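J.: No letters, just coordinates:
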């Protein structure tokens, strides 16, 4: 074993105790105790969705068993209790990402809806024919398609920040793309298919020199990196609860107050209005202007519970542990003959994508599943990334703070079995 590998193991072992006791953490996640195909579950698909701690599960049960009522519109006890818990969750999100005002926190179904809301609402009012919108070459389809749709409907033009062979954005090229025609920038913080951590503060700063607002896709970053939207100075930030150990179907769009106030509603319906007549509707104040209809109340409250849980563990401890684990996994998997890692940026987190010689990624996923190991295979909703690297798909192991070096070793052993089966 090389010195660097030994160092990585020592780093992981060092931060297990007392900063982060992984054995104790794993006890909080009931699903991790089960077996798949008779083998202990090794869950390495966290970039797709994270598992849920018992505290989150319990919060869902508690709401439906003792608090279930619609919010904002009732004066009875259950409605007032549900409303209180719902709005308390908004306050937790505000503090978690350091927003300046709770009115800047809009509850949506997830990152996808957050991006679509901005594209449809801000875009409808402010983007015109000939304007330019900048995204990057490593975007998830959810941060490509809404902008393409906007360009098709307005006559705006989509521009793309290129990246190098390591999976790093070429910031100098980005700077060249910015001009007086640029009206919006939307960029991912942490790539779901490459693991690259992009220099968001620099991206925002360069855009703001032209007075251009920036949306940050925080779907992957929010569970791995401390997020301070005021420090980043981004204009919008979107993330999903289910990637933050919370439920599916709930997410957050942060937006600066003056921008949200200038934007028209995304949807019409109940709770987003102040008054309605057949002649005219007056819209509600922020944040309710963008929260039409009955929301995912249970999911919102459970998102608050997920934030409480993550903060009890500590994002700094989580980040340190995961970096050690990623370093260990990178070296171990790189040592498997015939394996090539896709995405080797200097700043990475949580994601390890790879291809194997003469073996399709789907076959890799199927075989390792028989060993109880869950990895993601395919294009990961980043088909332009696959095209950039000249491959149809990758196998992706993505980590959370409940994963271990032993689980990495299990994956490596499973990849050796893949090689045996395919005669590699």
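T.: Yep, it's here. Nothing here was measured: the structure is a model prediction, and the numbers come from that model. Numbers count the residues shown, from 1 in each chain.
J.: where in the chain is pLDDT low?
T.: 1-18, 424 (pLDDT under 70).
J.: What sits closest to the spatially most central residue of it if chain neighbours are left out?
T.: The centroid of the chain falls nearest to residue 219 when counting by C-alpha atoms, centre = their mean (1.5 Å). Sequence neighbours aside, residue 111 is the residue nearest to residue 219 in space, at 4.1 Å (criterion: C-beta to C-beta, 6 or more residues apart in numbering). Glycine gets a C-beta too; all of them are placed from N, C-alpha and C.
J.: how about residue 416, secondary structure?
T.: Under DSSP: H, G, I helix; E, B strand; the rest coil, residue 416 falls in the helix class.
J.: That one and residue 44: what is the separation?
T.: The spacing between residue 416 and residue 44, counted by C-beta to C-beta, to the nearest Å, is 16 Å.
J.: try residue 55
T.: The gap separating residue 55 from residue 44 is 23 Å, by C-beta to C-beta.
J.: and what of residue 378?
T.: From residue 378 to residue 44 the distance is 15 Å (C-beta to C-beta).
J.: Those two - which one has more neighbours?
T.: residue 44 (24 against 17; other C-beta atoms under 10 Å).
J.: how far out from the middle of the chain is stretch 364-381?
T.: With C-alpha atoms, centre = their mean, to the nearest Å as the basis, stretch 364-381 stands 20 Å off its chain's centre.
J.: got a list of contacts for that stretch?
T.: Applying C-beta atoms under 8 Å, 6 or more residues apart in numbering, the contact partners of stretch 364-381 are 35-45, 47-48, 140-142, 192-193, 353, 356, 361-362, 385-386, 392-398, 407, 410-411, 413-415, 417-418, 421.
J.: buried stuff in it?
T.: Judged by neighbour count using 16 or more other C-beta atoms under 10 Å, the buried positions of stretch 364-381 are 364-365, 367-369, 371-381.
J.: tell me which of those residues is nearest to residue 204?
T.: Here the nearest of those to residue 204, counting by C-beta to C-beta, is residue 381; it sits at 24.1 Å.
J.: circling back to that earlier point, before we move on, which element is the residue nearest to the centre of the chain in?
T.: For residue 219, there is no host helix or strand (DSSP states H and E).
J.: That one reaches residue 192, doesn't it?
T.: Yes: taking C-beta atoms under 8 Å as the definition, residue 219 is a contact partner of residue 192 at 6.9 Å.
J.: Check the contact lists of the two and give me the overlap.
T.: residue 140.
J.: Okay, the residue lying closest to residue 281 once chain neighbours are set aside and residue 76: tell me how far apart.
T.: In this structure, residue 281 finds its nearest non-sequential neighbour in residue 273, 5.6 Å apart by C-beta to C-beta, 6+ apart. Residue 273 sits 22 Å away from residue 76, taking C-beta to C-beta as the criterion.
J.: Please apply the same query to residue 58.
T.: 24 Å.
J.: Have a look at these two and say which one is more surrounded.
T.: residue 58 (13 against 8).
J.: Report the contact partners of that one.
T.: Residue 58 touches residue 305, counting by C-beta under 8 Å, 6+ apart.
J.: next SSE after the helix or strand hosting it?
T.: Residue 58 belongs to helix 54-62 when elements are defined using DSSP H and E. Sequence-wise, the next helix or strand downstream of helix 54-62 (DSSP H and E) is helix 77-97.
J.: Between helix 54-62 and that next one, find me the angle.
T.: 160 degrees (axes from the mean of the first three to the mean of the last three C-alpha atoms, to 10 degrees).
J.: Is the residue nearest to residue 281 in contact with residue 283, as I believe?
T.: Yes: using C-beta under 8 Å, residue 273 makes contact with residue 283 at a distance of 6.1 Å.
J.: OK, contacts around residue 416?
T.: Taking C-beta under 8 Å, 6+ apart, one finds residue 336 in contact with residue 416.
J.: How about the one 5 residues further on?
T.: Residues touching residue 421, when contacts are defined by C-beta under 8 Å, 6+ apart, comprise residue 367.
J.: Return the backbone torsion pair for it.
T.: phi -60, psi -40 (degrees, to the nearest 10).
J.: what's the spacing between it and residue 366?
T.: The gap separating residue 421 from residue 366 is 10 Å, by C-beta to C-beta.
J.: Kindly report the same for residue 114.
T.: Applying C-beta to C-beta to residue 114 and residue 366 gives a distance of 33 Å.
J.: what does residue 180 give?
T.: For residue 180, the distance to residue 366 - C-beta to C-beta - is 52 Å.
J.: Look through this protein and report the residue furthest from the middle.
T.: residue 279 (41.6 Å).
J.: In three-state terms, label it for me.
T.: Per three-state DSSP, residue 279 ends up coil.
J.: do the same with the one 3 residues further on
T.: Using three-state DSSP as the criterion, the local structure at residue 282 reads strand.
J.: Please apply the same query to the one 10 residues further on.
T.: Following three-state DSSP, residue 292 is assigned to coil.
J.: phi, psi of the closest residue in space to it that isn't next to it in sequence?
T.: Leaving aside its chain neighbours, residue 292 sits nearest to residue 269 (3.7 Å; criterion: C-beta to C-beta, 6+ apart). Main-chain torsions, residue 269, degrees, to the nearest 10: phi 160, psi -160.
J.: Can you report how many residues neighbour residue 269?
T.: Here the number of neighbours of residue 269 (other C-beta under 10 Å) works out to 11.
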